[in-house]
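Colleague: I would like to see how this sequence folds:
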Amino acid sequence: MKLALYIASLETGGAEQQMVRLANSLARRGHEVSLISCFGGPLEAKVDTGAGVRLDVFKPGFRQSGLWRFLFQGWAVFLLARRLRRGRPECVLSALYASNAVLYCATRLLRNKPALIWSIRTTAPKQKALIRFWYTLCRRVSPRVDLLLANSTPGLQFHLQDGFRPRRHALMPNLIDQPEMPPRAPRSPGAPLRIGLVGRIDRTKNLACALRAYAQACVQADLAPLTITGPVSDKGYQEELLALCESLGISENVHWQGHRADLLPVYATLDVLLNSSDTEGFSNVIAEAMACDVRCVVSDVGDSAQIVGEAGCVFPAGDDAAAARALVRIALDDVVFTISPRRRIADHFDPEVILGRFEEAVRTVL
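Modeller: Predicted coordinates:
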């Protein structure tokens, strides 16, 4: 197949990582793949041009934020249409609402229109005005989308119930490059349990619940300092979290590590990944940590419980007491797991199987 993939940026977010992995994997399977980006970013270095992926980045010469970023995406419609007209792909695929809208507009400018595929990577849109704008636009034009791919069952159900009407739809879990993820070193007998949070500092991640759970668990078990790794997307929320740490008396035991482009060394230092999100689709972080053989304690949102299965612990979203009990049981070796996290990912999320499903779904719209 001849495919073109489009996404606004190549920053280190989950959707961006998935687009790069998909492009690389499809090229290695013999397909002709172009990866087009409006702004580019650090993940350009991860694109496997040696496997045949053609990387094309617009890169405007101004600050990539705010009004300028919004306006440039309008101009990107014409730039993208020109490249699609020249490359003549059989199908085009995008991810995230803004990129989906831009790609749709670009295809409307083509005489010979390729099959249009959108990827939905969230359970529900955030309430930010700009995201709601792109979401509303996508919903209105969705009847002209040939295939809607969702990475989680709740995400697909939400969008269909909220008015998305694509011609076809299918589930496609995230791709996990397990061979590139070495297993962590096992916990030494009697050593304190190493717990970490990985992800954006954002209200949807409900880090406050995780901090309260950690504080409660510290009273009953020997825990190492809690590490929090991820970029700050809401500075006001981070200030609230710092104040919460102070009130809980755990400020000295919480280490803020900031943004890390490479998370493999982070996973290698953990025994448990704690994910307390209020909303998720298919969490990259949970699956990647499990691929490194890290136990996960996760809130029951999106497909998190399905990912973890019998290899970890699940608690009701927002229930810090339940999360704390799970952490204590793991710290005291008071819970028996029937399978390792790494084996769970290998058994249920084989990338070759997922890619086969993707190819089969795409061929139905060609």
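
Colleague: so which elements touch the least confident helix or strand in the chain by mean pLDDT?
Modeller: Within the chain, no helix or strand scores below helix 66-87, which has a mean of 88 by mean pLDDT, DSSP states H and E. Packing partners of helix 66-87 (3 or more CB pairs under 8 Å, 6 or more residues apart in numbering; DSSP states H and E): strand 2-9, strand 32-40, helix 97-108. C-betas here are computed from N, CA, C, even on glycine.

Colleague: make CSV from these and add distance to residue 153 to it.
Modeller: What follows is the helices and strands packed on helix 66-87, written out as CSV (distance: least, CB to CB, whole Å):
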stretch, distance to residue 153
strand 2-9, 23
strand 32-40, 27
helix 97-108, 19
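
Colleague: could I get these as JSON lines with mean neighbour count?
Modeller: Shown next, in JSON lines, are the helices and strands packed on helix 66-87 (neighbours: other CB atoms under 10 Å):
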{"stretch": "strand 2-9", "mean neighbour count": "24"}
{"stretch": "strand 32-40", "mean neighbour count": "23"}
{"stretch": "helix 97-108", "mean neighbour count": "23"}
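
Colleague: out of those, which gets nearest to residue 241?
Modeller: Nearest to residue 241 among the helices and strands packed on helix 66-87 is strand 2-9; the distance by CB to CB comes to 26.1 Å.

Colleague: how much space is there between the nearest residue to residue 4 once chain neighbours are set aside and residue 14?
Modeller: Spatial nearest neighbour of residue 4, excluding adjacent residues (CB to CB, 6 or more residues apart in numbering): residue 89 at 4.0 Å. To residue 14, residue 89 is 24 Å away according to CB to CB, to the nearest Å.

Colleague: when the two are compared, which one has more neighbours?
Modeller: Taking neighbours as other CB atoms under 10 Å, residue 89 and residue 14 compare with residue 14 leading, 22 against 19.

Colleague: show me what contacts the more buried one?
Modeller: 121, 174, 283, 284, 285 (CB atoms under 8 Å, 6 or more residues apart in numbering).

Colleague: swap in 10 Å and give it another go.
Modeller: Taking CB atoms under 10 Å, 6 or more residues apart in numbering, we find residue 14 in contact with 95, 121-122, 151, 174, 199-200, 280-285, 287-288.

Colleague: before we move on, the earlier item: dump the C-alpha coordinates for the least confident helix or strand of the chain into CSV.
Modeller: Only the C-alpha atoms of helix 66-87 are listed here, as CSV (Å, rounded to 0.1, in the frame of the first residue of the first chain):
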residue,chain,number,x,y,z
GLY,A,66,-0.6,30.3,20.5
LEU,A,67,-2.2,32.2,17.7
TRP,A,68,0.6,31.8,15.3
ARG,A,69,0.5,28.0,15.6
PHE,A,70,-3.3,28.0,15.0
LEU,A,71,-3.0,30.3,12.0
PHE,A,72,-0.2,28.3,10.4
GLN,A,73,-2.3,25.1,10.5
GLY,A,74,-4.7,26.9,8.2
TRP,A,75,-1.8,27.5,5.8
ALA,A,76,-0.7,23.9,6.3
VAL,A,77,-3.9,22.7,4.6
PHE,A,78,-2.5,24.1,1.3
LEU,A,79,1.0,22.8,1.9
LEU,A,80,-0.3,19.4,2.8
ALA,A,81,-2.6,19.3,-0.2
ARG,A,82,0.3,20.1,-2.5
ARG,A,83,2.3,17.2,-1.1
LEU,A,84,-0.6,14.8,-1.4
ARG,A,85,-1.2,15.8,-4.9
ARG,A,86,2.4,15.1,-5.8
GLY,A,87,2.7,11.8,-3.9
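
Colleague: list the buried residues in that helix.
Modeller: 69, 72, 73, 76, 77, 79, 80, 81, 83, 84, 87 (16 or more other CB atoms under 10 Å).

Colleague: tell me the angle of that helix relative to helix 97-108?
Modeller: Here helix 66-87 runs at an angle of 40 degrees relative to helix 97-108 (axes from the mean of the first three to the mean of the last three CA atoms, to 10 degrees).

Colleague: poorly predicted segments of the stretch 101-250 of the chain, please.
Modeller: Within the stretch 101-250 of the chain, the segments meeting pLDDT under 70 span 179.

Colleague: all strands of it, in order?
Modeller: In the stretch 101-250 of the chain, the segments counted as strands under DSSP state E, counting those that start in this stretch are 115-120, 147-150, 169-171, 195-198, 226-229.

Colleague: and these: which comes nearest residue 40?
Modeller: Nearest to residue 40 among the strands of the stretch 101-250 of the chain is strand 115-120 (19.0 Å), distances taken as CB to CB.

Colleague: in the sheet, which strands lie alongside the closest one, parallel or antiparallel?
Modeller: Here strand 115-120 is paired, per DSSP bridges, with strand 91-95 (parallel), strand 147-150 (parallel).

Colleague: CSV for the strands of the stretch 101-250 of the chain, including mean neighbour count and distance to residue 156?
Modeller: Putting those into CSV (neighbours: other CB atoms under 10 Å; distance: least, CB to CB, whole Å) gives the following:
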stretch, mean neighbour count, distance to residue 156
strand 115-120, 25, 7
strand 147-150, 24, 4
strand 169-171, 17, 6
strand 195-198, 24, 25
strand 226-229, 21, 29
